[in-house]
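Asker: Structure here, sequence nowhere to be found:
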């Protein structure tokens, strides 16, 4: 699948916004669903967004629905996670991830099989 490279993390105040970016190889293009999951020592891994490869359908958990938006641009080999109205509990290391074709929304992390090293998001006043 090739490397995934996340960027865009940083420090933000509660209520603020951040946009994370993910660059992926051409082999990911149209065959793989792209997801974002976050990880903390206390809460473990939680999928926060996924966009399917076939129809572009998106999935979000209740914890971020209405605040996070995932998108992909295969022409530029990039995906984004726009995060609005950030809360203290959103602080985590965020990873861009992939799985073949569809998001498995029956799994906590959408069934991803490959992910990048992650980028840190810090929410503090």
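Answerer: Great, that's in hand. The shown structure was predicted, so the numbers you read here are calculated from the model rather than taken from an experiment.

Asker: So what pairs up with the most centrally placed residue in the chain in the strands?
Answerer: Nearest to the mean C-alpha position of the chain, by CA atoms, centre = their mean, lies residue 36 at 1.9 Å. Using DSSP bridges, the beta-bridge partners of residue 36 come out as residue 49, residue 96.

Asker: mind listing what it touches?
Answerer: By CB atoms under 8 Å, 6 or more residues apart in numbering, residue 36 lies in contact with 20, 22, 47-50, 68, 70, 81, 94-97. In short, each C-beta sits where N, CA and C put it, glycine included.

Asker: which one among those gets closest to residue 104?
Answerer: Comparing these against residue 104 with CB to CB places residue 50 closest, at 8.4 Å.

Asker: which stretches of the chain form helices?
Answerer: Secondary structure of the chain by DSSP state H: no helices are present.

Asker: Residue ranges in it under the pLDDT threshold?
Answerer: Applying pLDDT under 70 to the chain picks out residues 1-2, 27-29.

Asker: State the number of residues packed around residue 51.
Answerer: Residue 51 has 21 neighbours, counted by other CB atoms under 10 Å.

Asker: ignore the last one, residue 109
Answerer: 22.

Asker: how about the residue nearest to it when sequence neighbours are not counted, what does it touch?
Answerer: The shortest distance from residue 109 to any non-neighbouring residue, by CB to CB, 6 or more residues apart in numbering, is to residue 47 (4.3 Å). Shown in contact with residue 47 (CB under 8 Å, 6+ apart): 35-37, 59, 61, 107-110, 112.

Asker: Since that was my last question, I'll sign off now.
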